[in-house]
Structures are given as C-alpha cells and as structure tokens.
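**Student:** Here is the input, now give the coordinates:
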Amino acid sequence: MVDQLAEVREQNKNMQLAAMLWWQIIWYASDEGRNEIPSQQEWLSCELVATIIETVTGTPVWFSWRHNEAGKEAPQQRGWQHRLNQALGECAVSEVSIHWKRPLELLMRFVQYEPYGGGEYSSTLEAFHENNALHNTNRCTFIPHQETYRRAQQYLSQGSGLSELECFHAQAICKNLAICMRPYINRDLAYIKKNYSW
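**Tutor:** Take a look at the predicted model:
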C-alpha cells in the first residue's frame with residue numbers, strides 16, 4: 001500500500017513536470033504570446049505528437065485529428081486517439097540525447113490517451129488543458145498568457161526538484177520543440193480559419 005502511494009505520488013509529480021514543460025512549449029510556440037494557437041486539445045495533442053516524432057526521427061510527419069494532408073476534412077472517426085498512441089509507441093526515444101530522453105518520455109506519457117470505456121479516451125494533456133483557465137474555451141484559437149510562462153518557470157526552478165543544469169536543458173528542449181511545432185500549428189490554424197467560425 002505504501003509502495004503504491006509512493007508510486008502514485010511520483011507519477012503525479014512527473015505529470016506536473018510534464019504540464020509545466022507543456023506550458024513552456026506553448027508559450028514559445030506562440031512566439032512568446034505574439035501568435036495564436038488552437039484552443040482545442042485535440043489539435044494541440046496531434047501537433048505535440050507530430051513534433052515529438054519529428055524530433056526523434058528527423059522526419060516531418062502528418063498527424064491531424066480533423067483533416068488530411070490535402071487540407072480536406074477527414075471523417076470524424078472514433079479512434080484517432082488509438083492511432084496517436086500507436087504513432088507514439090513506434091517512436092524510439094532511446095536513440096535521443098540523454099538530456100532529451102526524460103522530457104520526451106514525460107511528454108509522451110502526458111499526451112498519450114487511455115481508454116476509459118464506451119470507446120472514449122482521455123489523456124493527462126486533455127485533463128490539464130480543460131482544467132486550467134489560461135485559454136478562452138469560447139474561441140477556436142487563443143494566445144497563451146505570459147502568466148503561463150511565469151508559472152512554469154517558477155515551478156521548473158523551484159518546485160520540480162531539477163538541478164539548475166537540468167532546468168537549463170529543459171528550457172532549451174522546450175524552445176526547440178516549440179520551434180518544431182510551429183509549422184504544425186500554422187497548418188492547423190489555416191484549416192481552422194477556413195472552416196471554423198468561432
């Protein structure tokens with residue numbers, strides 16, 4: 001029982017760290033609050049997965065829950081989360097630099113969807129995204145607030161247990177992932193602007 005409790009605490013701590021890395025990524029992906037990003041976690045989940053896969057493999061990948069490579073609406077099939085999980089499962093993080101391995105593994109667990117019955121799925125990213133008030137749920141896009149960055153920075157430097165060097169590497173990794181993520185965000189924003197009115 002004590003071991004299980006310690007394991008749950010460690011898992012929660014890891015997901016809190018992943019959430020703060022995520023906040024850093026979306027801050028840098030929005031060019032430090034200068035540009036919009038999609039507000040729905042489905043877009044953001046797919047963009048993060050595509051970014052992780054491209055970072056690990058060096059090859060850009062197409063992954064969207066809503067449209068295909070030609071910009072046409074994809075049929076709304078249940079199970080895109082399963083395809084997302086499969087893509088993550090095929091991503092061999094073991095071959096990346098030692099500094100990149102843990103952050104990427106945490107982010108992969110953060111975005112991975114778990115089935116919970118009736119063909120429905122949920123992820124930590126989804127729960128985190130839906131339960132924070134830093135974006136406007138009444139719009140299809142939003143600009144991350146600077147508070148997003150400040151809170152994540154404070155957590156990384158004071159509450160995460162990371163050393164100063166580990167914080168430095170985490171910051172650099174978040175910036176690099178954000179830069180890689182921008183084309184995926186821009187692709188989805190073009191689709192959203194063309195097809196969404198809210």
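**Student:** What is the end-to-end distance of stretch 154-162?
**Tutor:** 12 Å (CA to CA, to the nearest Å).
**Student:** So which elements touch the helix or strand harbouring residue 16?
**Tutor:** Using DSSP states H and E, residue 16 sits in helix 2-29. With contacts taken as 3 or more CB pairs under 8 Å, 6 or more residues apart in numbering; DSSP states H and E, helix 2-29 sits against helix 41-57, helix 98-111, helix 124-130, helix 146-154, helix 164-195. All C-beta spots, glycine's among them, are computed from the backbone N, C-alpha and C.
**Student:** residue ranges with poor pLDDT in this protein?
**Tutor:** Counting by pLDDT under 70, the ranges of the chain that qualify are 1-2, 68-71, 75-78, 133-137, 198.
**Student:** Ignoring the adjacent residues along the chain, who's closest to residue 146?
**Tutor:** residue 33 (5.7 Å; CB to CB, 6 or more residues apart in numbering).
**Student:** now do residue 180
**Tutor:** Leaving aside its sequence neighbours, residue 180 sits nearest to residue 51 (CB to CB, 6+ apart; 4.8 Å).
**Student:** re earlier: tell me the buried residues in the helix holding residue 16?
**Tutor:** Buried residues in helix 2-29, counted by 16 or more other CB atoms under 10 Å: 14-29.
**Student:** before we move on, the earlier item: might one say that the residue nearest to residue 180 is in contact with residue 184?
**Tutor:** Yes. With contacts counted by CB atoms under 8 Å, residue 51 reaches residue 184, the gap being 6.3 Å.
**Student:** Tell me which of those two has more neighbours.
**Tutor:** Using other CB atoms under 10 Å, the more surrounded residue of residue 51 and residue 184 is residue 51, with 28 against 25.
**Student:** Contacts only, for the more buried one.
**Tutor:** Residue 51 sits next to 177, 180-181, 184 when contact means CB atoms under 8 Å, 6 or more residues apart in numbering.
**Student:** From the residues you listed, pick the one nearest residue 61.
**Tutor:** Relative to residue 61, the closest of the contacts of residue 51 is residue 184; by CB to CB it sits at 9.1 Å.
**Student:** I figured the closest one hits residue 47, correct?
**Tutor:** Yes. Counting by CB under 8 Å, residue 184 touches residue 47, with 4.2 Å between them.
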